[in-house]
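Q: starting from these lines, generate the structure:
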Amino acid sequence: NDATVDADIENGKDTNESSSSPQTPFTKEQPDIDMDLLAAISPPIFYVSALENDGVDDILRYLKQRATPSRYWTVEAGEVTDQSPLERVEEIIREKIYRCLHKEVPHQVTQVNRTFQTVRHKETGQRGMRIHQDLVVKRKSQHRLVMGRAGKTLQRIQEQAQQDIEKAFGGDVVVSLHLHARLRKSQHDEPLEASEYGMQREVTWDDLRNKQ
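A: Sure thing, here's the model as predicted:
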């Protein structure tokens, strides 16, 4: 009330002060941050310039410090992968399935290797591969999507996969790739895995040429 305000003025108290005025949240002096501890628990940051070739040596030194000493290499010198040729072919075809099909359809496709045959020309030494693989789905709608209009989608998967397989094996390999879209009608259908599936054997160059 006015009497209280007048009393405050007489006592020299600032009437603009309010009990709800913000207070400093920290009443005690904060401890210094341990930078060494912070650096130990934080991931390292490297500033690298590809144009100036700056910072690469720092990364290499760090990797050498973190490497586990061993007398053996996981991958031998000159090798680019520990996958078998058949596994590499499967991965390439799988990638093209995901690129050419959409939504949930790629996840519903099962790859079944019918044939994987290799050959080398006796005179030139050129290598060849003959690959037959089934792309198996459970629904007719999925089968139509895998095929595409007039079989164009399946053809695109096959052509792109064949190009990448040739590049993956050095570019001098003659690849005969055949993909087939197959509808598995029921769980009681013939098993997807059989003894000849994924089979690898040597064939003659004439076999490869005649059965493309």
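
Q: which residue ranges of this protein form strands?
A: 110-120, 127-137, 173-183, 200-202 (DSSP state E).

Q: other SSEs contacting the first one?
A: Spelled out, it's strand 110-120. Contacts defined by 3 or more Cβ pairs under 8 Å, 6 or more residues apart in numbering; DSSP states H and E place strand 110-120 against helix 85-100, strand 127-137, strand 200-202, helix 205-210. Placement of C-beta: from N, CA and C, glycine included.

Q: and for residue 169, the neighbour number?
A: The number of residues packed near residue 169 is 16, by other Cβ atoms under 10 Å.

Q: over to it: give its phi and psi.
A: phi -110, psi 20 (degrees, to the nearest 10).

Q: tell me the pLDDT at it?
A: Predicted confidence (pLDDT) for residue 169: 86.

Q: that one and residue 159, how far apart?
A: Residue 169 is 17 Å from residue 159, where distance means Cβ to Cβ, to the nearest Å.

Q: ok, the spatially closest residue to residue 160 that is not a sequence neighbour - contacts?
A: Closest residue to residue 160 apart from its sequence neighbours, by Cβ to Cβ, 6 or more residues apart in numbering: residue 96 at 4.9 Å. By Cβ atoms under 8 Å, 6 or more residues apart in numbering, the contact set of residue 96 is 156, 157, 160, 161, 164.

Q: please repeat the previous calculation with a cut-off of 6 Å.
A: Counting by Cβ atoms under 6 Å, 6 or more residues apart in numbering, residue 96 makes contact with 157, 160, 161.

Q: surely the first one touches residue 100?
A: Yes - the pair residue 157 and residue 100 qualifies as a contact (Cβ atoms under 6 Å) at a distance of 5.0 Å.

Q: next, count neighbours for residue 177.
A: Neighbours of residue 177 using other Cβ under 10 Å come to 21.

Q: and for residue 127?
A: By other Cβ under 10 Å, the residues close to residue 127 number 17.

Q: in the sheet, who's paired with it?
A: residue 120, residue 173 (DSSP bridges).

Q: so where is the chain shaky, pLDDT-wise?
A: Low-confidence segments of the chain (pLDDT under 70): 1-32, 75, 185-212.

Q: recalculate using a threshold of 50.
A: For the chain, the stretches with pLDDT under 50 are 5, 18-21, 26, 188-203, 205, 211-212.

Q: can you add neighbour count and give the contacts of residue 96 back as TSV?
A: Formatted as TSV, those follow (neighbours: other Cβ atoms under 10 Å):
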residue	neighbour count
157	25
160	16
161	24
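
Q: tell me which of those residues is nearest to residue 92?
A: Residue 92 has its nearest neighbour among the contacts of residue 96 in residue 161, at 5.4 Å by Cβ to Cβ.

Q: so what's that closest one up against?
A: Going by Cβ under 6 Å, 6+ apart, residue 161 touches 92, 93, 96.

Q: for residue 38, same thing?
A: Shown in contact with residue 38 (Cβ under 6 Å, 6+ apart): no residues.

Q: and for the one 10 residues further on?
A: Residue 48 is in contact with residue 55, counting by Cβ under 6 Å, 6+ apart.

Q: repeat that for residue 153.
A: Contacts of residue 153 (Cβ under 6 Å, 6+ apart): residue 100.

Q: tell me the most buried of the strands of the chain?
A: Highest mean neighbour count of the strands of the chain: strand 127-137, a mean of 21 (counted as mean count of other Cβ atoms under 10 Å).
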